[in-house]
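Student: With the input below, show me the fold.
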Amino acid sequence: MADASDSTENESPFPPGVLTEEHEKQMLAIHACLEEWVDTHNDSRKNAEGAKERLKVATEKLANLKIDAPYAYAPAPPYTYRSVLLSCTKTYWVALLAALDDDKKAEIAQRLEMVPPYGKRVPKFKGKRCVQKAAELNEREYEGLMRTAMFVAMGLVPDFVVEWWRELGEVGVMNWEDEPGR
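Tutor: Residues are numbered from 1 along each chain as shown. Below is the predicted model of the structure:
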């Protein structure tokens, strides 16, 4: 099973001291898994040779990605991909907020307040709660962040952070498992 703490990347794009070493390892491992999935999915859409098989492997890696506490979403839902995606979102969200100063946190809270709810996919965010309780959000809030954080973070974070959120959103919408009747 892939372990989010076993990153093969040596250099972190995060400024020193923003994240703990363990959080950085989790972030880098998640990013590597998501990036591989997106790349193989794009190759598959272009009918590149061997891409369908590589996509199967990348999807299995995603399903087996292990994210450790305190970054793992708990309680884990019974759906494999949903559980992994919620944990990825929680890990990214906590990291994003750790990198922001108080003014940018206030701005991101305001931006979240302006996101319109969208059915059962994106809730009416309580921006201050999402910022102040970043590691304690519910499943619906993390799902909504997975789908919208790249938009609310634009201009507040480096471009690579927005790109990582875009990858998470793309992987998320392609692999999210619905409950029956949802």
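
Student: Backbone dihedrals for the most far-flung residue of the chain relative to its centre, please?
Tutor: In terms of distance from the mean C-alpha position of the chain, Glu49 ranks first, at 28.9 Å (CA atoms, centre = their mean). Listed backbone geometry of Glu49 is phi -60, psi 130, with angles given as degrees, to the nearest 10.

Student: next SSE after the host helix or strand of Asp103?
Tutor: Taking DSSP states H and E as the criterion, Asp103 maps to helix 102-114. Later in the chain than helix 102-114, the nearest helix or strand by DSSP H and E is helix 127-132.

Student: returning to that earlier point: for Leu55, see how far away the residue farthest from the centre of the chain is.
Tutor: Using CB to CB, to the nearest Å, we find Glu49 at a distance of 13 Å from Leu55. Bear in mind the C-beta positions are built from the backbone N, C-alpha and C, glycine included.

Student: just how off-centre is stretch 141-151 within its chain?
Tutor: Taking the mean of its C-alpha atoms, stretch 141-151 sits 8 Å from the chain's own mean (CA atoms, centre = their mean, to the nearest Å).

Student: returning to what we had before: and the residue farthest from the centre of the chain, what does it touch?
Tutor: If you count contacts by CB atoms under 8 Å, 6 or more residues apart in numbering, Glu49 has none.

Student: how far away is it from Asp43?
Tutor: With the distance defined as CB to CB, Glu49 ends up 9 Å from Asp43.

Student: same question, Asp159
Tutor: 23 Å.

Student: cool, Ala69 as well?
Tutor: When CB to CB is the yardstick, Ala69 and Asp43 sit 34 Å from each other.

Student: Of these two, which one has the most company?
Tutor: Each of Ala69 and Asp43 has its neighbours counted (other CB atoms under 10 Å); Asp43 has more, 17 against 8.

Student: what's around the nearest residue to that one once chain neighbours are set aside, how many residues?
Tutor: Closest residue in space to Asp43, ignoring its immediate chain neighbours: Ala51 at 3.8 Å, by CB to CB, 6 or more residues apart in numbering. When neighbours are defined as other CB under 10 Å, Ala51 has 18 of them.

Student: ok, now which ones touch Ala51?
Tutor: The neighbourhood of Ala51, defined by CB under 8 Å, 6+ apart, consists of 40, 43-44.
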